[in-house]
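Engineer: need a 3D model of the following:
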Amino acid sequence: MQDSRILASIGRRIEESGLPLAVRLWNGAAAGAAHPQVTISVRNPLALAALGLLTLGCLSWMAYRRLESLAAAQRADSPA
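Structural biologist: The predicted structure is shown next:
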């Protein structure tokens, strides 16, 4: 029950921010953007509580860094 409240809170914060981000739990439950570019997979219930303490600034930074690393990988794979 506590997990669903934390996930709902995180989902609301993500949706309000407009970030292309989602969170998926170990049990398949998910929240966030309808079409995320980045999905954070939470595999341990204890990690969900820690994720709930993060600020949107931190979440957006994590999403930005992930998108940046994906773009770098695509550049490295494309012919020069």
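
Engineer: so the residue positioned nearest the centre of the chain: helix, strand or coil?
Structural biologist: When Cα atoms, centre = their mean is applied to the chain, the residue found nearest the centroid is residue 40 (3.8 Å). Following DSSP: H, G, I helix; E, B strand; the rest coil, the label given to residue 40 is strand.

Engineer: residue ranges of the strands in the protein, please?
Structural biologist: Applying DSSP state E to the chain gives strands spanning 21-25, 30-32, 38-42.

Engineer: roughly how far is the first one from the heart of the chain?
Structural biologist: Going back to what we said before, that points to strand 21-25. 5 Å (Cα atoms, centre = their mean, to the nearest Å).

Engineer: the shortest one too?
Structural biologist: Taking Cα atoms, centre = their mean, one finds strand 30-32 lying 8 Å from the centre of the chain it belongs to.

Engineer: picking that back up, so what's the residue nearest to the centre of the chain bridging to?
Structural biologist: Bridge pairing for residue 40 (DSSP bridges) gives the partners residue 23.

Engineer: gap between it and residue 79?
Structural biologist: Residue 40 sits 32 Å away from residue 79, taking Cβ to Cβ, to the nearest Å as the criterion. The C-beta positions use only the backbone N, C-alpha and C, and glycine is treated the same way.

Engineer: hmm, back to that, surely the residue nearest to the centre of the chain touches residue 14?
Structural biologist: No - shown here, residue 40 and residue 14 do not form a contact pair, counting by Cβ atoms under 8 Å, at 9.7 Å.

Engineer: thinking again about what came up before, and the strands of the chain, which is most packed in?
Structural biologist: Ranked by mean neighbour count under mean count of other Cβ atoms under 10 Å, these are led by strand 21-25, which reaches a mean of 22.

Engineer: output it as PDB, restricted to C-alpha atoms.
Structural biologist: Written as PDB, here are the backbone C-alpha positions of strand 21-25 (Å, rounded to 0.1, in the frame of the first residue of the first chain):
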ATOM      1  CA  LEU A  21      10.200   9.900 -17.900                       C
ATOM      2  CA  ALA A  22       8.500   6.900 -16.300                       C
ATOM      3  CA  VAL A  23       9.100   4.700 -13.300                       C
ATOM      4  CA  ARG A  24       8.500   0.900 -13.500                       C
ATOM      5  CA  LEU A  25       8.400  -1.200 -10.300                       C
END
